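Colleague: Show me how the following folds:
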Amino acid sequence: MAPMTPIATETLRAWQVQGHEFVLIDTLPAKSFAKGHLPGAINIVSDDILARAPALLPDKHIPIVVYCASTTCKRAGRSAERLERLGYTRVYHYAGGKRDWEAAGYPLTPISDETA
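Modeller: Here you go, the predicted model:
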């Protein structure tokens, strides 16, 4: 199995700005996701990825970017490995997560902003 591919903050932001087709997954608990997540992200907690990914992500070849809080958080790495075991072929690990995203000056989106 090929190792998961890292993705840098600037590359991820460029994908968003350019309308690149990909799925962005926040692997943190729902409460953390609600407080703020990267724009366009969906929430699949790392422990639920094996059960929920097949239904939510039927295309095994679409690029998928997983992230969590920061480089010390292990949830995204575990999620990436699990997705690869399920047969997803283009899994990217955004290791810096929310911390690096905010440090680069990009905003997080709280759930209340999306539903307003």
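
Colleague: Quick check: which ranges of the chain have low pLDDT?
Modeller: In the predicted model of the chain, residues 1-3, 113-116 satisfy pLDDT under 70.

Colleague: helices and strands around the biggest helix by length in it, which ones?
Modeller: Scanning the chain for the helix with the most residues, using DSSP state H, yields helix 75-85. On a contact count with 3 or more Cβ pairs under 8 Å, 6 or more residues apart in numbering; DSSP states H and E, helix 75-85 meets helix 49-56, strand 64-67, strand 91-94. C-betas here are computed from N, CA, C, even on glycine.

Colleague: Give the buried residues for the first one.
Modeller: Of the residues in helix 49-56, those buried under the neighbour-count criterion (16 or more other Cβ atoms under 10 Å) are 49, 53.

Colleague: who does that helix touch, helix- and strand-wise?
Modeller: Packing partners of helix 49-56 (3+ Cβ pairs under 8 Å, 6+ apart): helix 75-85.

Colleague: which ones are touching residue 56?
Modeller: 42, 44 (Cβ atoms under 8 Å, 6 or more residues apart in numbering).

Colleague: ok, now residue 90?
Modeller: Listed by Cβ under 8 Å, 6+ apart, the contact set of residue 90 reads 5, 61-64.
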